[in-house]
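A.B. asks: need a structure here:
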Amino acid sequence: VQFTRDDPMYFTGLSPRGALATLQSARAWAFIQNRQYVIPEDIQAVLPSVAGHRLRGSAEFSGQSGEVLVQKVLNAVDII
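C.D. replies: Okay, the predicted model is just below:
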């Protein structure tokens, strides 16, 4: 979430509601996977569906789709 707000590539970063939707979706994904806890891979699995339509690129990246912008987030943010 913070990456999308700080990086100049994004005109609008992920909003608080977008962050909550990502968390709720990741919880549901974890439940489907028979777990009661969320792991980073759950976030990675749901982020394209949840955030793809919410992210807007800056003027330089305005022609890129939401899926491309989400993939850039997934590639840039380290998972510890």
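
A.B. asks: Reduced to three states, what does the residue sitting furthest away from the middle of the chain come out as?
C.D. replies: Residue distances from the centre of the chain (Cα atoms, centre = their mean) peak at N34, which lies 22.3 Å from the mean C-alpha position. Classification of N34 using DSSP: H, G, I helix; E, B strand; the rest coil returns coil.

A.B. asks: can you give me phi and psi for it?
C.D. replies: With angles defined as degrees, to the nearest 10, N34 sits at phi 70, psi 40.

A.B. asks: Please enumerate the helices of this structure.
C.D. replies: For the chain, the helices defined by DSSP state H cover 2-6, 16-32, 40-51, 66-76.

A.B. asks: Columns mean pLDDT on top of the ones you listed, output as JSON lines?
C.D. replies: What follows is these, written out as JSON lines (pLDDT from 0 to 100):
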{"stretch": "helix 2-6", "mean pLDDT": "72"}
{"stretch": "helix 16-32", "mean pLDDT": "93"}
{"stretch": "helix 40-51", "mean pLDDT": "89"}
{"stretch": "helix 66-76", "mean pLDDT": "74"}
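
A.B. asks: could you measure the nearest residue to I79 once chain neighbours are set aside against H53, distance?
C.D. replies: Distances taken as Cβ to Cβ, 6 or more residues apart in numbering place P40 nearest to I79, at 4.5 Å, with adjacent residues excluded. C-betas here are computed from N, CA, C, even on glycine. According to Cβ to Cβ, to the nearest Å, P40 and H53 sit 22 Å apart.

A.B. asks: Quick check, central residue of the chain?
C.D. replies: In the chain, the residue lying closest to the centroid (Cα atoms, centre = their mean) is L47, at 4.0 Å.

A.B. asks: Leaving out chain neighbours, which residue sits closest to that residue?
C.D. replies: Distances taken as Cβ to Cβ, 6+ apart put V70 closest to L47, at 5.6 Å, once the chain neighbours are dropped.

A.B. asks: need the contact list for that neighbour.
C.D. replies: With contact set as Cβ atoms under 8 Å, 6 or more residues apart in numbering, V70 has these partners: L47, P48, A51, G52, L55.

A.B. asks: Among the residues you listed, which one sits closest to A21?
C.D. replies: Nearest to A21 out of the contacts of V70 is A51 (Cβ to Cβ; 8.2 Å).
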